[in-house]
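Engineer: Pasted the sequence and its predicted model underneath.
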Amino acid sequence: MTHRIADIAAALGAEFAGDGEVMVRGASEPQQAGPDDLALAVNPKYADGLAQGAAIAAMLWPGADWQALGMKAAIFAPRGRLAMAGLTSMLDPGPDIAPGVHAMSVIDPTAQIGAGAAVGPFVTIGAGVVIGPNARIASHVSIAEGATIGPDALILQGARIGARVTIGARFVCQPGAVIGADGFSFVTPEKSGVEEIRETLGQRADIRAQSWTRIHSLGAVTIGDDVEIGANACIDRGTIRDTTIGNGTKLDNLVHIGHNVQVGNDCLLCGQVGVAGSARIGNRVVLAGQCGVNDNIFIGDDVICGGATKVFTNAPAGRVMLGYPAVKLETHVEMQKALRRLPRLAAKLAEREKVIQKS
């Protein structure tokens with residue numbers, strides 16, 4: 001499919017210059033662009049790449065001299081990445097899932113499949129499941145009994161949706177994600193070593209054999225509207241109440257959300273984030289890659305945690321945090337500066353010890 005430059009600009013709410021009738025089939029980095037590509041050079045630092053490629057149309061920064069750059073047409077993007085979001089949405093054909101239910105899928109007779117839904121091959125849909133209108137479900141997905149999927153959902157290959165899970169509208173689920181597995185919850189008949197250490201902060205009366213008894217998960221998972229779940233992410237069901245994910249929240253690949261966790265609206269949880277059971281996360285929280293959140297704590301609205309931050313205690317709203325354990329960003333920077341000074345301080349101390357010993 002081809003698109004006119006004028007149509008792309010109109011769809012993005014952006015200005016264009018030059019020949020609006022120029023047609024493009026796709027987008028490309030400037031140095032790799034062909035004559036049918038829209039070269040993406042939304043920052044002046046990418047300008048040199050245009051001369052290396054063969055594009056005749058480009059998405060440029062405001063005020064760029066598009067003619068001097070050799071373009072026949074240009075779209076101007078005041079906020080480049082936001083324009084790219086709209087452009088990639090236009091150019092993405094999406095998965096090839098035929099309308100209707102594939103003959104090689106197994107659908108329980110009590111399941112309800114909404115109008116316009118597309119269900120690929122080898123999909124299993126259990127008893128009482130409700131699939132909303134225009135949902136698309138790719139191959140090898142399983143949806144367990146009693147689950148509800150909202151309209152316009154896209155669930156990609158091999159995802160697993162557990163029993164009684166409730167998911168809102170416009171849900172996107174990447175391959176291999178598991179939503180609604182049992183929580184990791186076990187107890188010992190007597191006080192465990194872990195409980196003892198939590199109370200004493202390290203002291204143990206004695207070490208003895210212990211066995212673990214499983215606590216079953218009676219809750220489920222509730223997910224709001226416009227949520228996206230990354231590949232191989234795992235969201236555990238709650239023990240009694242549901243684990244919840246708020247509207248607009250995005251989870252990256254390999255994110256793990258433990259049982260009973262509550263995640264607010266419009267949060268961004270990046271790759272390999274782990275949130276332990278019963279933690280509560282406010283709205284618009286950003287957890288960068290490999291962040292860890294302790295169980296039974298609260299992270300306030302608008303908190304931002306840098307990569308690999310480990311949060312062990314409550315975090316007030318708006319705080320920017322970094323480190324292990326998590327501290328304010330500015331405190332972490334000062335601590336790192338002090339650590340870098342330690343070798344020099346140790347060398348100075350050793351010299352002074354020698355002087356003292358000789359005196």
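Structural biologist: Thanks, I have it.

Engineer: Only C-alpha atoms from now on, for both contacts and neighbour counts.
Structural biologist: Will do.

Engineer: who does the longest helix seen in the chain touch, helix- and strand-wise?
Structural biologist: Longest helix in the chain by number of residues (criterion: DSSP state H): helix 329-358. Packing partners of helix 329-358 (3 or more C-alpha pairs under 8 Å, 6 or more residues apart in numbering; DSSP states H and E): strand 320-322.

Engineer: in this protein, which helix or strand is least confident?
Structural biologist: For the chain, using mean pLDDT, DSSP states H and E, the weakest element among its helices and strands is helix 193-200, scoring a mean of 90.

Engineer: Buried ones in that helix, by neighbour count?
Structural biologist: Across helix 193-200, burial judged by 16 or more other C-alpha atoms under 10 Å covers Gly193.

Engineer: what's next to that helix, contact-wise?
Structural biologist: For helix 193-200, contacts defined as C-alpha atoms under 8 Å, 6 or more residues apart in numbering pick out Gln203, Arg204, Ile207.

Engineer: check contacts around Gly150.
Structural biologist: Going by C-alpha under 8 Å, 6+ apart, Gly150 touches Ile131, Gly132, Pro133, Ala135, Ile167, Gly168, Ala169, Arg170, Phe171.

Engineer: The second one reaches Pro151, doesn't it?
Structural biologist: Yes - in this structure, Gly132 is within contact of Pro151 by C-alpha atoms under 8 Å, at 4.1 Å.

Engineer: where do the contact lists of these two overlap?
Structural biologist: Gly114.

Engineer: picking up where we left off before, if you look at the contacts of helix 193-200, which of them are in helices?
Structural biologist: Judged by DSSP H, the subset of the contacts of helix 193-200 located in helices is empty.

Engineer: And those residues, which is closest to Phe184?
Structural biologist: Ile207 (23.5 Å; C-alpha to C-alpha).

Engineer: Can you give me the neighbour number for that closest one?
Structural biologist: 8 (other C-alpha atoms under 10 Å).

Engineer: who touches it in this structure?
Structural biologist: Ile207 touches Gly193, counting by C-alpha under 8 Å, 6+ apart.

Engineer: swap in Glu21?
Structural biologist: Contacts of Glu21 (C-alpha under 8 Å, 6+ apart): Arg4, Ile5, Ala6.

Engineer: Pretty sure it sits in a strand.
Structural biologist: No - if the criterion is DSSP: H, G, I helix; E, B strand; the rest coil, then Glu21 is coil and not within a strand.

Engineer: before we move on, the earlier item: which members of the contacts of Glu21 are classed as buried?
Structural biologist: Ile5, Ala6.

Engineer: Select from the contacts of Glu21 every entry located in helices.
Structural biologist: Those of the contacts of Glu21 lying in helices (DSSP H): Ile5, Ala6.

Engineer: With respect to Gln157, which of the contacts of Glu21 is nearest?
Structural biologist: Arg4 (32.9 Å).

Engineer: The closest residue to that closest one other than its chain neighbours: neighbour count?
Structural biologist: The shortest distance from Arg4 to any non-neighbouring residue, by C-alpha to C-alpha, 6 or more residues apart in numbering, is to Met23 (4.6 Å). Residues lying near Met23 (other C-alpha under 10 Å) number 22.

Engineer: Would you point out the most distant pair within the contacts of Gly150?
Structural biologist: Pro133 and Ile167 (13.1 Å).

Engineer: Those two - which one has more neighbours?
Structural biologist: Ile167 (26 against 18).

Engineer: how much space is there between the more buried one and Glu190?
Structural biologist: 39 Å (C-alpha to C-alpha, to the nearest Å).

Engineer: Equivalent analysis for Asp96, please.
Structural biologist: Distance from Asp96 to Glu190, by C-alpha to C-alpha: 55 Å.

Engineer: Now for Gly219: which residues touch it?
Structural biologist: Arg237, Gly238, Thr239, Ile240, Arg241, Asp242, Thr243.

Engineer: So Ala58 is in contact with Gly70, correct?
Structural biologist: No - applying C-alpha under 8 Å as the test, Ala58 and Gly70 come out as separate, 9.8 Å apart.

Engineer: Looking at the two, which is more packed in?
Structural biologist: It is Ala58, of Ala58 and Gly70, that has more neighbours when counted by other C-alpha under 10 Å, with 30 against 15.

Engineer: So what sits opposite that one in the bridge?
Structural biologist: Ala39, Ala74 (DSSP bridges).

Engineer: Can you pull the phi and psi angles for Thr249?
Structural biologist: phi -80, psi 140 (degrees, to the nearest 10).

Engineer: Show the contacting residues for it.
Structural biologist: Asp226, Val227, Glu228, Gly264, Asn265, Asp266, Cys267, Leu268.

Engineer: Adding distance to Asp65 and pLDDT, write the contacts of Glu21 out as JSON lines.
Structural biologist: Shown next, in JSON lines, are the contacts of Glu21 (distance: C-alpha to C-alpha, whole Å; pLDDT from 0 to 100):
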{"residue": "Arg4", "distance to Asp65": "21", "pLDDT": "97"}
{"residue": "Ile5", "distance to Asp65": "17", "pLDDT": "98"}
{"residue": "Ala6", "distance to Asp65": "18", "pLDDT": "97"}
